[in-house]
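[1] Okay, structure incoming, though there's no sequence with it:
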């Protein structure tokens, strides 16, 4: 994996191509599904809930892309969303008889709620950081509060690392068995910590220099 990443880094100059390649790979998977659904006329073995979750995140990403980018990414997102919607239609309507509904019993609403909580928490501090960056000057109590959040995030991250060490990596075995909640939390904690690293640097720098009012670069 590491070798592949290094090779891609050295050979691909425009990193935007990674997203295009990702979408094309997804499209290839959808073409395979298209063959299965139209030629073989069966949806046996397919999870409707996975398709619905995929559609949900594609809708959210398409809306964001439409507002912020409006480029090839937007077109690819729309195409993938339309194809996924067609797959859902085929499973729900045309090929309903071959859909193993009783076996496709993963709690989808729990997944949505869990993902929302984890990633909303990871990004919730961004508006505060943006506001402070726009103001350039941050009064002490606000700076103390955000620093406390950073410490909280670091301690939560440390908790999961230590738990993993104490259990001799047992949490990672859960990933192999299909339980991804630990990985989602762990990555979210990393994201939160790195989002606040820059602020912590300037906070500590201002404290060491004895400044009562903290300044941040634009």
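    Cool, the structure landed. Since the model is a prediction, treat every value here as computed from it, not as a measurement.

[2] Would you mind giving me the confidence score for the most centrally placed residue in the chain?
    By Cα atoms, centre = their mean, the chain has its centre lying nearest to residue 119, at 7.0 Å. pLDDT for residue 119: 76.

[3] and it, how far is that from residue 201?
    Distance of residue 119 to residue 201, given as Cβ to Cβ, to the nearest Å: 24 Å. (C-beta placed from N, C-alpha, C; glycine too.)

[4] try residue 18
    29 Å.

[5] Look up how far residue 73 lies from the nearest residue to residue 147 once chain neighbours are set aside.
    Once flanking residues are discounted, residue 147 sits nearest to residue 203: 5.0 Å by Cβ to Cβ, 6 or more residues apart in numbering. Distance, residue 203 to residue 73, by Cβ to Cβ: 35 Å.

[6] got it, and residue 135?
    From residue 135 across to residue 73, the span is 32 Å (Cβ to Cβ).

[7] Same question for residue 30.
    For residue 30, the distance to residue 73 equals 17 Å [Cβ to Cβ].

[8] So what touches stretch 55-69?
    Counting by Cβ atoms under 8 Å, 6 or more residues apart in numbering, stretch 55-69 makes contact with 71, 73-74, 77-78, 80-81, 84-85, 88, 112, all of which sit outside it.

[9] buried ones in it?
    Using 16 or more other Cβ atoms under 10 Å as the test for burial, stretch 55-69 gives 55, 58, 62, 65.

[10] Over to stretch 107-119?
    For stretch 107-119, the neighbour count (16+ other Cβ under 10 Å) marks 108, 111, 115, 118 as buried.

[11] per-residue pLDDT, residue 99?
    Looking at residue 99, its pLDDT stands at 92.

[12] Hmm, it is touching residue 46, no?
    Yes. The pair residue 99 / residue 46 is scored as a contact, 7.4 Å apart, by Cβ atoms under 8 Å.

[13] For these two, list the residues in contact with both.
    residue 91.

[14] hang on, the earlier thing: what sits against the residue nearest to residue 147?
    Listed by Cβ under 8 Å, 6+ apart, the contact partners of residue 203 are 143, 146-147, 150, 214.

[15] from the chain's centre, how far out does the strand or helix carrying residue 187 sit?
    Assessed by DSSP states H and E, residue 187 sits inside helix 181-208. Relative to its chain's centre, helix 181-208 lies at 17 Å (Cα atoms, centre = their mean, to the nearest Å).

[16] what about it, average pLDDT?
    Helix 181-208 comes out at a mean pLDDT of 75.

[17] so which strand or helix has the residue nearest to the centre of the chain?
    helix 108-123.

[18] For that helix, which helices and strands make contact with it?
    Judged by 3 or more Cβ pairs under 8 Å, 6 or more residues apart in numbering; DSSP states H and E, helix 108-123 is in contact with helix 48-68, helix 181-208.
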